[in-house]
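Chemist: here's a sequence, model it:
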Amino acid sequence: MTATHPTRAHTRSAKQAWAGGLTSFAGVMLSIAGLLGVFRGIMAIAHDDVFVSAPNYVFKFNLTSWGWIHLVLGVIAVIVGFGLLGRATWARVSGVVIAGLVIIANFLSLPYYPLWSIVLIALSGFIIWALCVLEDDDLAANP
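Modeler: Residues are numbered from 1 along each chain as shown. Okay, here's the model as predicted:
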């Protein structure tokens, strides 16, 4: 009686599938987070009364300024998300940077739209995790 052991090719194939799945997850989630940022930016630019006003907030900006910040970050996030779906090498590092900036922007705008900011902070944390958990050799082997 012999035991069957997975071959190296099978293990490599599983790692490639794992790497490809996480990269796709990060690409889709970053695109969604970017699209939501674009919508949030348009909301803040067009209608300031949608957001809660925080008169004594330390990082006080005009809501139109926050709208432009979220709009620009959202557009860049969508572009990087599509780059991740296309397996572009520049998109992995850019995705971590953009997701980090989205976390910072949502943290700073927490008093204006608290629940939504917390949701996007958590979503961006998952994106960073998905992009950082991959090893370089997994990405090199993944077409």
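Chemist: can you give me the helices in this protein?
Modeler: Applying DSSP state H to the chain gives helices spanning 8-46, 63-85, 89-108, 114-132, 136-141.
Chemist: now do the nearest residue to Leu110 once chain neighbours are set aside against Ala44, distance only.
Modeler: Leaving aside its sequence neighbours, Leu110 sits nearest to Ser117 (C-beta to C-beta, 6 or more residues apart in numbering; 4.6 Å). Every residue, glycine included, has its C-beta placed from N, CA and C. For Ser117, the distance to Ala44 (C-beta to C-beta, to the nearest Å) stands at 12 Å.
Chemist: do Val133 as well
Modeler: 33 Å.
Chemist: so which of these two has more stuff around it?
Modeler: Ala44 (24 against 12; other C-beta atoms under 10 Å).
Chemist: what does stretch 74-87 contact?
Modeler: Defining contact as C-beta atoms under 8 Å, 6 or more residues apart in numbering, one finds that stretch 74-87 is touched by 23-24, 26-41, 90-92, 94-95, 98-99, 102, 131, 142-143.
Chemist: make it 7 Å
Modeler: For stretch 74-87, contacts defined as C-beta atoms under 7 Å, 6 or more residues apart in numbering pick out 23-24, 26-27, 30-31, 33-35, 37-38, 41, 90-92, 94-95, 98, 102.
Chemist: off-centre distance for it?
Modeler: Taking C-alpha atoms, centre = their mean, to the nearest Å, the mean C-alpha location of stretch 74-87 is offset from the chain mean by 9 Å.
Chemist: what comes up buried for that stretch?
Modeler: Under the neighbour-count criterion of 16 or more other C-beta atoms under 10 Å, stretch 74-87 has Gly74, Ile76, Ala77, Val78, Val80, Gly81, Phe82, Gly83, Leu84, Leu85, Arg87 buried.
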